[in-house]
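Asks: pasting the sequence and the predicted coordinates here, then a few questions.
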Amino acid sequence: MQLFVDKDPSLDTSWRSIILLGRNVASYKFALAKSLLEIDTSSSEIEIENLAVPFAKNICDHLIKNEKQVTSKTSKFLDACKRFNKAEINEEELKQITIRMGFVNVIDAFHIVAREETTRFFTDNRKENKSIILTDNFYKLKEKDIYGNLKNEAESRWNLWETAISLNVNPSLLEIINDDKDECLFVLDDKKRRQNVTSSRDALNGYQKSKCFYCYKHISIQQGNENSCDVDHFFPHILKDYGLFEVDQIWNLVLTCRECNRGSRGKFEKIPKINYLEALNKRNNFYVNSHLPLRETIINQTGKTDTERKDFLQKMFNNAVNHVPIKWEPSEIFGESI
């Protein structure tokens, strides 16, 4: 968490550390995060009975796609959600069960990342009034440009996590695969069947903190937005013609503004200047700190240690410049790197 937060101790980075870096044993943090982003926050006091409705709905929706939502063998709360999906109990019954069982651990654990407490976005008021109280930090977060990205990022991380724990695949063989055409990430199960997981934009954006990888301009994963981002290959696709097929892997994908990717002075099929290699390694180390399944993918593709991963990127750079010697950098820089 320190690597991700220290240089940029902002509210959005603190929120993202909760979603992206937790060593999750259940999907409840993702469900609570999405519920907070969806619920009416005109009042800072959110009663648990009102929070229970979107919380349970998010869990039930994911159970339809993937029955594995916890690493333990049993969960009475998840059993109730499954019964609701089978129409064996009604909405009111599910709400009452959620109030009793759904928040037992997640409210206490929400702000804990790597055994440390991060910035608080709500305080626990259950003993006094069966509610939580949203803090000023939450409302300041809502005012930020990146706020519209956070729900998609939480959903994407949830999809990645639940897919990883449900696959019957050895972690040393686990790999998130990129589909350039559809701009999505997928996995192969133990029978080599493709399983689509999430949009590549939604998956990558949080780790880049909604910044263009090259010029650091604010980007959005919302389609149709004036600053909607592109998915770029750091080492360009043309290198596949020279046998460097690793360029399609997730370690090589970055999000960029449209100007950097394909503008009048854009990167296109060029190689970024070598100073960006350190930033790529740093971003990939964010994945390593993220655990299932991006951690395993990056380690399997580029190396177990930071030194091995740096050496891998340097070797790729040395090979690449032999074929594409022109090195590129943006004409203008906005702010600081990730």
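Replies: Received the coordinates, thanks.
Asks: make it CA atoms for all contacts and neighbour counts henceforth
Replies: Fine.
Asks: walk me through the domains of the chain.
Replies: 2-142, 152-328 (automatic domain parsing).
Asks: the longest one: how far from the chain's middle?
Replies: Okay, so that is domain 152-328. 12 Å (CA atoms, centre = their mean, to the nearest Å).
Asks: count the residues that sit near residue 310.
Replies: 18 (other CA atoms under 10 Å).
Asks: the closest residue in space to it that isn't next to it in sequence: helix or strand, and which one exactly?
Replies: The shortest distance from residue 310 to any residue other than its chain neighbours is 6.4 Å, reached at residue 281 (CA to CA, 6 or more residues apart in numbering). Per DSSP states H and E: residue 281 is located in helix 275-288.
Asks: for the following helix or strand past that helix, which positions count as buried?
Replies: Next along the chain after helix 275-288, taking DSSP H and E as the criterion, comes helix 294-302. By 16 or more other CA atoms under 10 Å, the buried positions in helix 294-302 come out as 294, 295, 296, 297, 298, 299, 302.
Asks: now the last one: closest residue in space, sequence neighbours ignored.
Replies: In this structure, residue 302 finds its nearest non-sequential neighbour in residue 309, 5.2 Å apart by CA to CA, 6+ apart.
Asks: the one you found contacts residue 315, doesn't it?
Replies: No: using CA atoms under 8 Å, residue 309 is not in contact with residue 315; the gap is 9.9 Å.
Asks: who has more neighbours out of those two?
Replies: residue 309 (20 against 11).
Asks: contacts for the helix or strand harbouring the more buried one?
Replies: Taking DSSP H and E as the criterion, residue 309 maps to helix 306-323. Contacts with helix 306-323, where a contact means CA atoms under 8 Å, 6 or more residues apart in numbering, come from 235, 239, 242, 271, 274, 277, 278, 281, 285, 302, 303.
Asks: rerun that using 7 Å as the cut-off
Replies: Residues outside helix 306-323 that contact it (CA atoms under 7 Å, 6 or more residues apart in numbering) are 239, 281, 302, 303.
Asks: if we go by neighbour counts, what in it is buried?
Replies: Those would be 306, 309, 310, 313, 314, 317, 320, 321, for helix 306-323 by 16+ other CA under 10 Å.
Asks: measure the second one to residue 285 for me?
Replies: In other words, residue 309. The gap separating residue 309 from residue 285 is 9 Å, by CA to CA, to the nearest Å.
Asks: likewise the first one?
Replies: Taking CA to CA as the measure, residue 306 falls 8 Å from residue 285.
Asks: roughly how far does residue 70 sit from residue 126?
Replies: Taking CA to CA, one finds residue 70 at 24 Å from residue 126.
Asks: which one of those two has more residues nearby?
Replies: Neighbour totals were compared for residue 70 and residue 126, and residue 70 leads with 17 against 13 (other CA under 10 Å).
Asks: just the angle for the lengthiest helix in the chain relative to helix 294-302, thanks.
Replies: Using DSSP state H, we find that the single longest helix of the chain is helix 147-166. Interaxial angle of helix 147-166 relative to helix 294-302 (axes from the mean of the first three to the mean of the last three CA atoms, to 10 degrees): 70 degrees.
Asks: what sits up against helix 147-166?
Replies: 19-20, 27, 30, 34, 37, 68-69, 141, 197-198, 202-203, 206, 220-221, 292-293.
Asks: ok, of the residues you listed, which come out buried?
Replies: Buried by 16+ other CA under 10 Å: 19-20, 27, 30, 34, 37, 68-69, 141, 197-198, 202-203, 206, 220-221, 292-293, out of these.
Asks: any idea of the pLDDT on the spatially closest residue to residue 228 that is not a sequence neighbour?
Replies: Spatial nearest neighbour of residue 228, chain neighbours left out: residue 220 (4.7 Å); criterion: CA to CA, 6+ apart. Listed pLDDT for residue 220 reads 96.
Asks: how far away is residue 220 from residue 146?
Replies: 7 Å.
Asks: also residue 211?
Replies: Taken as CA to CA, the span from residue 211 to residue 146 is 10 Å.
Asks: and stretch 218-229, what's buried?
Replies: 218, 219, 220, 221, 227, 228, 229.
Asks: got it, and stretch 327-338?
Replies: 328, 329, 330, 337, 338.
Asks: before we move on, what about stretch 153-170?
Replies: Quick answer for stretch 153-170 (16+ other CA under 10 Å): 153-165.
Asks: how about JSON lines for those, with pLDDT and distance to residue 81 added?
Replies: Shown next, in JSON lines, are the buried residues of stretch 153-170 (pLDDT from 0 to 100; distance: CA to CA, whole Å):
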{"residue": "153", "pLDDT": "97", "distance to residue 81": "24"}
{"residue": "154", "pLDDT": "97", "distance to residue 81": "20"}
{"residue": "155", "pLDDT": "97", "distance to residue 81": "18"}
{"residue": "156", "pLDDT": "97", "distance to residue 81": "21"}
{"residue": "157", "pLDDT": "96", "distance to residue 81": "21"}
{"residue": "158", "pLDDT": "97", "distance to residue 81": "17"}
{"residue": "159", "pLDDT": "96", "distance to residue 81": "18"}
{"residue": "160", "pLDDT": "94", "distance to residue 81": "21"}
{"residue": "161", "pLDDT": "94", "distance to residue 81": "19"}
{"residue": "162", "pLDDT": "94", "distance to residue 81": "16"}
{"residue": "163", "pLDDT": "92", "distance to residue 81": "19"}
{"residue": "164", "pLDDT": "89", "distance to residue 81": "21"}
{"residue": "165", "pLDDT": "90", "distance to residue 81": "19"}
